[in-house]
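**Q** Here is my input; please provide its structure:
(2 chains)
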Amino acid sequence: MKFRTERDGLLEALVTAGRVSAARVGAGLGAQNVRLTLRGDQLEVVGSDPDLVIEVACVVNGEQDGAVLMPSRLATDIIRSFDPGIVSVEANDQEARVISGRAEFVVRTPIGAEITRLAVAESKKITLPAALFAEGLQQVVRAALNDDTRAPQLTGVLMIAVDNGIRLVATDSYRLAFRDLKGVNALEPGSEVLVPARALAEIQRLIGAEGEKEHDAKLVFCHTELDAVFEVHDVCLTTRLLKGPFPDYQRLLPPSYPNMFRVGREELAAAIRRVRLMMRDAKEAATPVRVSFEADGAGLTVLTAESGRADERVDGQFSGEELVVAFNPNYLLDGVEAIRAEIVILEVIDSSKPATIRGEGEDDYRYLLMPVRVS
Amino acid sequence: MEDSPQPVVGRVRPGPAVDATDVLHLDMDSFFVAVEVIADPSLAHRPVVVGGTGPRSVVSSASYEARVYGVASGMPIGEARRRCPGLVVVPGRHAEYEKTSERLVGICREVTPVVEPISIDEAFLDVSGAHQLFGDSLTIATNLRQRVQDELGLACAIGVGRTKLVAKLGSKAAKPRVQPDGFRPGAGVIVVLPADELSFLHAHAVRAVPGIGPATAERLRRIGVTSVGDLALVGRSRLVAMFGVAHGSTLADLAAGRDDRRVVTDRVVRSIGHEQTFDRDDHDLGSLQSKARELAVSVAARCRARRVAARTISVKVRFADFETIDRSRSLDRPVATAAEIAEVAVDLLASLDLARGVRLLGVSVSHLAESDGEQAVQLGLFGPAAPGAPVRGGDVETAADEIRRRFGPDAITSVAAAGRRAARARRRPGREAR
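**A** Numbers count the residues shown, from 1 in each chain, chains lettered A, B, ... in the order given. The predicted structure is shown next:
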């Protein structure tokens, strides 16, 4: 295999494909490698682990077809270290020679490693508006469970067909977010898929990067019982699907709320970010923020025996009975930051029932969170 | 080993005052036994152990004379007697040891206010502020060791280094050496100078390092790593790939001599645990799980009494053949109820092959967070039955604590634990199930 290309394009491809191995270390030998395959002027860079494959296509000046496996991290670091300009790569079964300017690297091919490929049956491809899909992901992925030791199915985002579109749902059992995407008919009526949040976070990143170049970017999606494939521009991501059952979330939505707080999104978010400073450990759910709702605003208090306390008042309109509800400040902030509207509606029942965050005039998104009980 | 640079294992390094070596680790020699020898001087120079008297009791402290016969802490008394026929077994008097320990800490505090007792017979000292008054670290350590000998009549070993890890390994190296033909006095004080630190560290077997357990050591051995020096040759990224980010980075730091832990005076309790040795080996998962639930009740009550909640829950299992394993799981939020602790402990037990029979079971919690005088419990959306949701048993258990406080420990229990008690009572006729 032999080709020449600009450093920047190759680097971008390596970084994108390499994110598979970066995302999950210890997933097997193949996960630390990328495969480069050249056909004519088409270079394909593939990174994979048993659950996720990212393929990136780019155009280079090909001289001789072929394929080579390279250690992902090393290859990326080498290309990144070069000055912008022409890079040439020449490889055989044993080694890859990478040259730029007066620097020359000979990188041995990893032995005994292979790149996993998920075999995906052909299925119907559907084109979706990438920007809208990414917006939905940005609002929902945050509620998914991060580690998979407790309940693997909660590390996924449920995509489910609804009237004239799809709904994205995620929950880590403490909060839940869902977003309806109207006109995004990605699924057959009545069907649903559970996609790992980790893969969707990559999609979100890829669309974000492409979105800066083009506003009407398209996302191509198809799925089978086991896998889902997403294509954005020159990148193709294949992920295994998770097995359910996903919890029955619909029964959680309270039919009505007696107490409603209407407040500016940025004011509330800024106040939470400030009082949150008193938490010793950002992960510490044991330090809640107490929100006391009053007629013309809300008081936020974080109280710790060790570090001290923080208080802040936020103006807003509250209707209902005055009450105090404690939340994990991170969960609360996640919800507020997911809202697009300038005005946030925070609805509560009491100190032990789920609260809801939504944007004023936005009926397509809900963020539910459970309070922290302080005793 | 005599080639330069010389490792300082086993010898005092008389060096210039180097202010960087400010951490002292003091470790008493055969503490419990030594205290007993003071009370009864006829025990001096004899193979003595302190240990219980039950059929399955173990050695909690052994004199060097006994160690020569292969007697070690944690060994069953029966086994110790087999190895060392003339062994004297003395029952432990913990109140006495604690009194002596307090005096020891008092002596340390006269050297520096920054003393961190880490167990009844071990402490870290930070002497960075003591040089003006008492001289360099070597002088301070030598004098401290002499004072402990003069005032308590007890021997100790002191390691001096730049970090806790090095100081701890230093005190170990300063201990008397046990050989089949007897034991030799140790150096007593060892200073590991920063320049010698890496060669000192690298000469140790990985297994000798606190924090590297048998499972980690075995995985390292499989990739050809037995010494810390070998470990230093393995890249950080590989260690992270093998052991995960947290543990892998810790190992890489350790091999590089990096240890940022400071000596802290107000040492908060790091873990709370209960364990139980059974009169007969238990082979049954269900029975062990209900024992784990009982242990979890005690652990949770102590957590609540101290107003702490724990992020990590561990079970310790010692099999009939004495192999001991620990399994732990960290949660994304601190817990302090028996139900939550038991849930994890029971789950961890289920992942083990218990066919060999279990003689000891322990449940402990660590990564404790203060609950700030109040308990904050993140409520779950799906209630206790849902996957991964927290169990809302806090109120019930706080109430149960109160009932036990007023009416005695057996006044109230959970159904699962009660079932086990009833079964136990059935096995022993004449005792009624409560």
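**Q** Phi, psi for the residue positioned nearest the centre of chain B please.
**A** By Cα atoms, centre = their mean, chain B has its centre lying nearest to residue B:119, at 8.0 Å. With angles defined as degrees, to the nearest 10, residue B:119 sits at phi -160, psi -170.
**Q** What's the separation between it and residue A:162?
**A** Residue B:119 sits 60 Å away from residue A:162 when distances are taken as Cβ to Cβ, to the nearest Å. (Each C-beta comes from the backbone N, C-alpha and C, glycine too.)
**Q** ditto for residue B:327
**A** Shown here: residue B:327 relative to residue A:162, a distance of 43 Å by Cβ to Cβ.
**Q** Quick check: closest non-adjacent residue to residue 354.
**A** Going with chain A. residue A:368 (4.8 Å; Cβ to Cβ, 6 or more residues apart in numbering or on different chains).
**Q** That was the other one, I meant chain B.
**A** Take residue B:354 and drop its neighbours on the chain: the residue closest to it by Cβ to Cβ, 6+ apart is residue B:285, 5.8 Å away.
**Q** Could you report the separation of that neighbour from residue B:343?
**A** Distance check for residue B:285 against residue B:343: by Cβ to Cβ, it reads 15 Å.
**Q** helices or strands up against the host helix or strand of residue A:230?
**A** Applying DSSP states H and E as the criterion places residue A:230 in strand A:227-232. For strand A:227-232, the elements it packs on are helix A:197-211, strand A:218-223, strand A:235-240, judged by 3 or more Cβ pairs under 8 Å, 6 or more residues apart in numbering or on different chains; DSSP states H and E.
**Q** end to end, how far does stretch B:44-55 reach?
**A** Chord length of stretch B:44-55, first to last residue, is 26 Å (Cα to Cα, to the nearest Å).
**Q** Could you check how far it is from the centre of its chain?
**A** 21 Å (Cα atoms, centre = their mean, to the nearest Å).
**Q** buried set for it?
**A** B:47, B:48, B:49, B:50, B:51, B:52 (16 or more other Cβ atoms under 10 Å in any protein chain shown).
**Q** Adding pLDDT and distance to chain A, write the residues you listed out as CSV.
**A** Shown next, in CSV, are the buried residues of stretch B:44-55 (pLDDT from 0 to 100; distance: Cβ to the nearest Cβ, whole Å):
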residue, pLDDT, distance to chain A
B:47, 94, 47
B:48, 95, 45
B:49, 94, 42
B:50, 93, 39
B:51, 87, 39
B:52, 77, 38
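**Q** Which pair of these spans the longest distance?
**A** B:47 and B:52 (17.5 Å; Cβ to Cβ).
**Q** Touching, residue B:52 and residue B:91? I think so.
**A** Yes - counting by Cβ atoms under 8 Å, residue B:52 does reach residue B:91; the two are 6.9 Å apart.
**Q** I'd like to know how many residues surround residue B:180.
**A** 8 (other Cβ atoms under 10 Å in any protein chain shown).
**Q** How many residues are close by the closest residue to it other than its chain neighbours?
**A** If the residues on either side of it in the chain are set aside, residue B:180 comes closest to residue B:68, at 7.1 Å by Cβ to Cβ, 6+ apart. With neighbours defined by other Cβ under 10 Å, the count for residue B:68 comes to 18.
**Q** Give the buried residues for stretch A:339-356.
**A** A:339, A:343, A:344, A:345, A:346, A:347, A:348, A:349, A:351, A:354, A:355, A:356.
**Q** What is the longest helix of the chain by residue count?
**A** Unless you meant another one, I'm taking chain A. Counting residues, the longest helix found in chain A (DSSP state H) is helix A:7-23.
**Q** my bad, chain B
**A** helix B:285-305.
**Q** model confidence over that one, on average?
**A** When pLDDT is averaged along helix B:285-305, the result is 88.
**Q** same question, stretch B:63-73
**A** 92.
**Q** First residue to last residue on it, what's the distance there?
**A** By Cα to Cα, the extent of stretch B:63-73 from end to end equals 10 Å.
**Q** cool, stretch B:120-134 as well?
**A** End residues of stretch B:120-134 are separated by 26 Å (Cα to Cα).
**Q** And it, how far out from the chain middle?
**A** Counting by Cα atoms, centre = their mean, stretch B:120-134 comes out at 22 Å from the chain centroid.
**Q** In the stretch 51-200 of chain A, where is pLDDT below threshold?
**A** In the predicted model, the stretch 51-200 of chain A carries pLDDT under 70 at residues A:112-121, A:148-150.
**Q** Backbone torsions only: list them for the residue nearest to residue B:180.
**A** Dihedral angles (degrees, to the nearest 10) for residue B:68: phi -60, psi -30.
**Q** Residue B:209 too?
**A** phi -90, psi 130.
**Q** what's the neighbour count on it?
**A** 21.
**Q** I'd guessed it sits against residue B:228; true?
**A** Yes - with contact defined as Cβ under 8 Å, residue B:209 reaches residue B:228; the gap is 6.4 Å.
**Q** Next, the distance between the ends of stretch B:239-257.
**A** Termini of stretch B:239-257 sit 16 Å apart (Cα to Cα).
**Q** so what's the closest residue in space to residue A:259 that isn't next to it in sequence up against?
**A** Excluding the flanking residues, the one nearest residue A:259 by Cβ to Cβ, 6+ apart is residue A:320, at 3.0 Å. Contact partners of residue A:320, counting by Cβ atoms under 8 Å, 6 or more residues apart in numbering or on different chains, are A:257, A:258, A:259, A:260, A:293, A:348.
**Q** For the third one, give me the pLDDT.
**A** If you check residue A:259, the pLDDT there is 93.
**Q** CA atoms only for stretch A:324-342 - export them in CSV, please.
**A** The C-alpha coordinates for stretch A:324-342 follow below in CSV (Å, rounded to 0.1, in the frame of the first residue of the first chain):
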residue,chain,number,x,y,z
VAL,A,324,-38.6,23.0,49.7
VAL,A,325,-37.3,20.3,47.5
ALA,A,326,-33.7,19.0,47.4
PHE,A,327,-32.1,17.9,44.2
ASN,A,328,-28.7,16.6,43.1
PRO,A,329,-27.3,19.9,41.7
ASN,A,330,-25.7,18.1,38.7
TYR,A,331,-28.9,16.4,37.7
LEU,A,332,-30.9,19.6,38.1
LEU,A,333,-28.3,21.6,36.0
ASP,A,334,-28.3,18.9,33.3
GLY,A,335,-32.0,19.4,32.9
VAL,A,336,-31.9,23.2,32.8
GLU,A,337,-29.1,23.2,30.3
ALA,A,338,-31.0,20.8,28.0
ILE,A,339,-33.7,23.4,27.5
ARG,A,340,-33.6,25.6,24.4
ALA,A,341,-36.3,28.2,25.4
GLU,A,342,-35.3,31.2,27.3
